[in-house]
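S.K.: Sequence plus predicted model, see below.
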Amino acid sequence: MVIDVQNLNLRYGDFHAVKDLSFHVDHGELYALLGTNGAGKTSTLEIIEGHRTPTSGTVTVFGHSPRDRAAVRPRMGIMLQESGFTPDLTVRESVRLIGALTRREDTVDRVLAIVDLTAKAGTLVSQLSGGEKRRLDFATAVWGAPELIFLDEPTTGLDIQSRDALWAAVDRLREDGSTIVLTTHYLEEAQQRANRIGLMHEGTFHREGTVSELTRTLPSVIRVTVPAGTATLPLPATALDADRWSIETTDLQKDLHYLLGWAHDNAIALRDIEAGQTRLDDVFRAIGH
Ligand SMILES: Nc1ncnc2c1ncn2[C@@H]1O[C@H](COP(=O)(O)OP(=O)(O)OP(=O)(O)O)[C@@H](O)[C@H]1O
């Protein structure tokens, strides 16, 4: 086990931001901490990273307290939402500085190549684009291939090519054995890559488990657009707009077959048919209902 969190509580004055939270992250896992705004994700991560002291509860990282920086810090790489690099250093100088701080072995050229900033090595940080800055932030997670990597909304502001490149680099780190803790508001990224997800809401887990554990308790959904003037559908449906309907089903294959048969028999041309398992976005939408 790499991270173990037991009955974690954090209060900011009267406000109870993290409520009795328990979870663990195993070696080699990609664990995604997801949630609504203000759910307590950043607060939880700050405690695990050793930046904040909990009100109560225990947290261990590699079996040590996160406050034991000498034992823990050299083994972790943290990509924050805002790294705050000095604007008047060059990219090369910034990466060298990252390296000196981590105390891990690596070379500036290797890291620049992975984060795709070789061509910008001599550019001042203040002159980088938003996406380039984000890739420079990523260098902190790459330098020396740390055993434990925190990625806090890593792809925000990245174009699709940079996003793919970042995930390819993360995949290589995982092949080399790194454990990853991810936060993101891009649910598809989590759905595709996470081994397990902790879905936070108001300081505690709304749900926790694998993607299929999170989604299988909710019904599947069929969405169709019908020709204007179609009187009724043969299954209970909710109107999405004038001619578009959503049908929830616990037996997708049977109900889809029934719906298509009905359309055929009545010569009704259904359009934009979508049918599938519940996605993570639907689990999110169900929060609080
Ligand atoms: N220093 C602080 N003092 C008081 N309240 C705080 C402090 N930091 C965070 N909070 C509150 O604690 C709650 C949890 O904040 P946190 O940043 O951990 O949420 P989050 O899940 O990371 O949210 P988001 O997805 O919006 O980034 C929020 O309601 C926030 O307003």
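M.R.: Structure's in. What do you need?
S.K.: Point out where this protein drops to low pLDDT.
M.R.: Scanning the chain for pLDDT under 70 picks out the ranges 288-289.
S.K.: how long is stretch 36-45 end to end?
M.R.: Stretch 36-45 stretches 15 Å from its first residue to its last (C-alpha to C-alpha, to the nearest Å).
S.K.: My read is that residue 228 contacts residue 243, right?
M.R.: Yes - here residue 228 lies in contact with residue 243, judged by C-beta atoms under 8 Å, at a distance of 5.7 Å. Where C-beta positions appear, they are placed from N, C-alpha and C, glycine not excepted.
S.K.: more neighbours, the two?
M.R.: The neighbour comparison of residue 228 against residue 243 (other C-beta atoms under 10 Å) goes to residue 243, with 15 against 7.
S.K.: give the contact list for that one.
M.R.: 225-228, 230 (C-beta atoms under 8 Å, 6 or more residues apart in numbering).
S.K.: Kindly recompute the last result at 6 Å.
M.R.: 225-226, 228 (C-beta atoms under 6 Å, 6 or more residues apart in numbering).
S.K.: Tell me the helices and strands packed up against the helix or strand residue 4 falls within.
M.R.: Per DSSP states H and E, residue 4 falls inside strand 3-12. If you count contacts as 3 or more C-beta pairs under 6 Å, 6 or more residues apart in numbering; DSSP states H and E, strand 3-12 packs onto strand 15-25, strand 56-61.
S.K.: Provide the secondary structure category for residue 111.
M.R.: helix (DSSP: H, G, I helix; E, B strand; the rest coil).
S.K.: my guess is residue 10 contacts residue 17, does it?
M.R.: Yes - in this structure, residue 10 is within contact of residue 17 by C-beta atoms under 6 Å, at 5.0 Å.
S.K.: Mutual contacts of those two, please.
M.R.: With C-beta under 6 Å, 6+ apart, residue 10 and residue 17 have common neighbours residue 43.
S.K.: The two: who's more crowded?
M.R.: residue 10 (22 against 18).
S.K.: dump the residue contacts of that one.
M.R.: If you count contacts by C-beta under 6 Å, 6+ apart, residue 10 has them with 17-18, 43, 54-55.
S.K.: Please name the nearest non-neighbouring residue to it.
M.R.: Nearest non-adjacent residue to residue 10, counting by C-beta to C-beta, 6 or more residues apart in numbering: residue 18, 4.0 Å away.
S.K.: quick one: the one you found and the ligand, what's the gap?
M.R.: Residue 18 sits 7 Å away from the ligand when distances are taken as C-beta to the nearest ligand atom, to the nearest Å.
S.K.: What is the neighbour count of the residue in the stretch 101-250 of the chain that the ligand sits nearest to?
M.R.: Nearest to the ligand, among the residues of the stretch 101-250 of the chain, is residue 200, at 6.2 Å (C-beta to the nearest ligand atom). Residues lying near residue 200 (other C-beta under 10 Å) number 27.
S.K.: The helix or strand that contains it: partners in the sheet, and parallel or antiparallel?
M.R.: Following DSSP H and E, one finds residue 200 within strand 196-201. If you go by DSSP bridges, strand 196-201 pairs up with strand 30-35 (parallel), strand 204-209 (antiparallel).
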